[in-house]
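Chemist: pasting a predicted model and its sequence here:
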Amino acid sequence: VLKGPQALYFGKNSTGGVISFRSADPGDSLEVKANASYEFESREKRGELIFSTPLGATAGFRLAGLYSNSQGIFTNTATPQAGFGGKAPFYTRLGGGESYLVRATLLWKPDPSFTARLKANFGRDNMRQGGLNQLAYCPDGTGSLSPAFNFFHPTENCTFDKTVNFIDMDPAAYPGIRNNGVPFLKLRQNFCSLDLNWDINPELSLNAVTGLYDSKADTMINGTFTGYSGPAITADNIFKRREVTQELRLDSDFSNSQINFTLGGFYQDSKISNDFTLGGNTALALPATLIKGLSTIDVESISLFGQLRWKPSDQIEFAGGARWQDEKRGLSVLNRLTNLPVAV
């Protein structure tokens, strides 16, 4: 944990400091480790596997994986009100899901002055019920908003406990709704890093870090979290982020000088998009699609940074540095109902 601010080395988003996490590298001997567990409260099955082995005298490989399947701790007792777009819930237990995580590490050290480390990570999370909330305080009671439409389920107790009421959406009332009207949240994350370290000589070292990141959050939810009548709206989002980064850093360690330095540069190119659909409940005489839009943000960032360190004695060191950054962001929006570039 690096105390903030850390803007010199880690950029503008590190005012409060930085948490640096480094996963294990391959060792110099064969390692196999397996764990299996079961958690009764959430009915979760979980397994982990680690395999690590040297590849000759200069390389090593390590694979770590995790699988988890949980039904969640909440019991869903909802039943739908007939004729208002609701459907009996597919899941009678909520809060859980299925997750896969895999990380592979390849380490190569052909000589003492050079090290190459490649780490690739793949994650998948398929959660039961997107946007899960629980009613825990209802100061105005649980009465209906109209003589017919009922937001609250008749058994709703507005208590923070392990019982919730969430209905699904009937596709007949929401034409084109995905996943047969069952709310969901699917997360995908792929990211890898290539870390190259070269000791040019005993007094100068060069480090290069290349990063790749690709993520997708795909979700469809009951837009107003109703527990009895079908919601007036549904929210459907596909959020994506793709990113490439490159950093170079040169460090000195002069044995016969009180002054040393760090020089570096950073480049980032990323694209963020959000494909959003707001659906309507046709059982309430609303249009099947209320809003449909696509927003895209392109980011390009370049940074240069440097630091001088003066150590007049073993007990005292003075350090001063500066960072320059130029960042450009471009936003484009599209109304996909009219195909016009206007915000929705």
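Modeler: Alright, I've got the coordinates.
Chemist: burial of residue 273, as a residue count?
Modeler: The number of residues packed near residue 273 is 16, by other CB atoms under 10 Å. Heads up, the C-betas are built off the backbone N, CA and C, glycines and all.
Chemist: shaky segments in the protein?
Modeler: With pLDDT under 70 as the threshold, the chain has low-confidence stretches at 145, 147.
Chemist: can you do 50?
Modeler: For the chain, no stretch is flagged by pLDDT under 50.
Chemist: all strands for the stretch 1-150 of the chain, in order.
Modeler: 2-3, 17-18, 31-39, 44-55, 59-70, 74-76, 86-87, 93-94, 97-111, 114-128 (DSSP state E, counting those that start in this stretch).
Chemist: of all these, which lies closest to residue 221?
Modeler: Of all those, strand 114-128 sits nearest to residue 221, with 10.9 Å by CB to CB.
Chemist: which SSE is immediately downstream of the closest one?
Modeler: Scanning the chain past strand 114-128 towards its C-terminal end, the next helix or strand to appear is strand 163-164 (assignment: DSSP states H and E).
Chemist: give me the contact list for that following strand.
Modeler: For strand 163-164, the surrounding residues in contact (CB atoms under 8 Å, 6 or more residues apart in numbering) are 74-78, 94, 132, 134-135, 157, 227.
Chemist: tell me the most buried of the strands of the stretch 1-150 of the chain?
Modeler: Per residue and on average, the most neighbours among the strands of the stretch 1-150 of the chain fall to strand 86-87, with a mean of 24 (mean count of other CB atoms under 10 Å).
Chemist: which neighbouring elements make contact with that strand?
Modeler: Contacts defined by 3 or more CB pairs under 8 Å, 6 or more residues apart in numbering; DSSP states H and E place strand 86-87 against strand 168-169.
Chemist: again, only this time at 6 Å
Modeler: Packed against strand 86-87, as judged by 3 or more CB pairs under 6 Å, 6 or more residues apart in numbering; DSSP states H and E, are no other helices or strands.
Chemist: neighbouring strands - and their directions - for it?
Modeler: Looking at strand 86-87 with DSSP bridges, its partner strands are strand 168-169 (antiparallel).
Chemist: give me the distance between the helix or strand following the partner strand and the centre of its chain.
Modeler: Toward the C-terminal end, the helix or strand that comes next after strand 168-169 (DSSP H and E) is strand 184-201. Here strand 184-201 is found 14 Å from its chain centre; the criterion is CA atoms, centre = their mean, to the nearest Å.
Chemist: CA atoms only: put strand 184-201 into CSV for me.
Modeler: Taking C-alpha atoms only, strand 184-201 is exported to CSV below (Å, rounded to 0.1, in the frame of the first residue of the first chain):
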residue,chain,number,x,y,z
PHE,A,184,-29.3,-11.1,-15.4
LEU,A,185,-25.8,-9.7,-15.0
LYS,A,186,-22.9,-11.1,-17.0
LEU,A,187,-19.4,-9.8,-16.5
ARG,A,188,-16.4,-10.6,-18.7
GLN,A,189,-12.9,-9.4,-18.0
ASN,A,190,-9.7,-10.3,-19.9
PHE,A,191,-6.5,-8.5,-19.1
CYS,A,192,-2.8,-9.2,-19.5
SER,A,193,0.5,-7.5,-18.8
LEU,A,194,4.0,-8.0,-20.2
ASP,A,195,6.7,-6.8,-17.8
LEU,A,196,10.3,-6.5,-19.2
ASN,A,197,13.2,-5.6,-16.9
TRP,A,198,16.7,-5.0,-18.2
ASP,A,199,19.7,-4.1,-16.1
ILE,A,200,21.7,-2.2,-18.8
ASN,A,201,24.6,-2.1,-16.4
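Chemist: C-terminal to that strand, what's the next element?
Modeler: Next in line after strand 184-201, if elements are assigned by DSSP H and E, sits strand 204-222.
Chemist: ok so, going back, which of the strands of the stretch 1-150 of the chain sits closest to residue 265?
Modeler: Of those, the one closest to residue 265 (CB to CB) turns out to be strand 17-18, at 18.6 Å.
Chemist: look up how far residue 26 lies from residue 62.
Modeler: Applying CB to CB, to the nearest Å, the value for residue 62 to residue 26 is 4 Å.
Chemist: common neighbours of the two, please.
Modeler: Contact criterion CB atoms under 6 Å, 6 or more residues apart in numbering; residues bridging residue 62 and residue 26 by contacting each: residue 52.
Chemist: that older thread, and which of the contacts of strand 163-164 is nearest residue 341?
Modeler: Comparing the contacts of strand 163-164 against residue 341 with CB to CB picks out residue 132 as the nearest, at 34.8 Å.
Chemist: before we move on, back to that, may I see the contacts of strand 163-164 organised as a markdown table, with distance to residue 191 added?
Modeler: Shown next, in a markdown table, are the contacts of strand 163-164 (distance: CB to CB, whole Å):
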| residue | distance to residue 191 |
| --- | --- |
| 74 | 31 |
| 75 | 36 |
| 76 | 34 |
| 77 | 39 |
| 78 | 37 |
| 94 | 29 |
| 132 | 26 |
| 134 | 32 |
| 135 | 37 |
| 157 | 43 |
| 227 | 38 |
